[in-house]
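Asks: with the input below, show me the fold.
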Amino acid sequence: MSRNLIWKMLLVCTFVLAGCQSNPIPDEEVVVSGQSIDSVKHTASQPQYPATQPPRTIVYQTRPLVLYFLSDDMFKRTRTEIPYYRNGEIVYLEEHVFRQHDEGHQPWKANGIDVVTAGSSNLTGEDLPYEEAEILYRGKMLKTKSGIVLRRITNENVEMTVPGIGKYKFYLTAPEGTSILFIRKIMLYPEVVA
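Replies: Prediction:
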């Protein structure tokens with residue numbers, strides 16, 4: 001999938017889902033490792049370059065694109081009426097999904113990094129980002145062979161860095177009466193090569 005196509009898809013998602021925005025989380029509330037978003041820089045682990053080319057320093061735009069957002073009012077609805085983001089589609093979970101989870105089935109739905117991994121592969125720019133990938137998973141971080149890195153900041157706040165695209169921030173919330181986490185906000189900080 002070409003990067004131009006990915007950006008066009010992101011742009012369409014931004015416009016389509018912009019109607020869900022009504023009460024965004026202010027940028028100043030988003031903190032990574034004690035630093036404000038404006039000061040975050042990341043040196044990506046890149047392939048080895050010949051001695052004539054220095055490694056690239058990756059910097060992320062300070063103003064994010066909000067790709068998806070659910071307001072607090074959405075979480076006042078019954079849990080079967082709350083939109084559930086799954087790989088670019090909006091679905092509604094049926095009551096039996098919540099009952100099964102209460103009985104111990106699909107415990108991953110209460111783990112933020114697992115919810116983001118399963119529900120956001122459409123944002124990676126790869127058709128099957130986790131298939132046959134060498135994955136390093138230690139509960140707080142997941143890294144694929146292609147360089148995609150997911151980090152658990154808290155159970156409800158997960159970052160996903162995708163080489164060549166940027167850094168995504170995911171905010172999750174469990175509606176009242178369940179521990180199943182719903183993605184409530186997705187922000188993209190596009191990559192800028194310095």
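Asks: and Glu126, what's its pLDDT?
Replies: As predicted, Glu126 sits at a pLDDT of 80.
Asks: which SSE is it in?
Replies: Using DSSP states H and E, Glu126 sits in no helix or strand.
Asks: mind naming the longest strand for the protein?
Replies: strand 182-193 (DSSP state E).
Asks: buried set for that strand?
Replies: By 16 or more other Cβ atoms under 10 Å, the buried positions in strand 182-193 come out as Phe182, Ile183, Arg184, Lys185, Ile186, Met187, Leu188, Tyr189, Glu191. For every residue, glycine as well, the C-beta is placed using N, CA and C.
Asks: can you map out the helices along this protein?
Replies: 3-17, 95-102, 112-119 (DSSP state H).
Asks: low-confidence ranges, the chain, go.
Replies: 1-54, 128, 130-139 (pLDDT under 70).
Asks: what segments of it are strands?
Replies: Under the criterion DSSP E, strands of the chain are mapped to 31-32, 35-36, 41-42, 58-60, 65-69, 84-86, 89-91, 136-137, 141-143, 149-154, 157-162, 166-173, 182-193.
Asks: that older thread, from the buried residues of strand 182-193, pick the one nearest Lys169.
Replies: Nearest to Lys169 out of these is Met187 (Cβ to Cβ; 4.6 Å).
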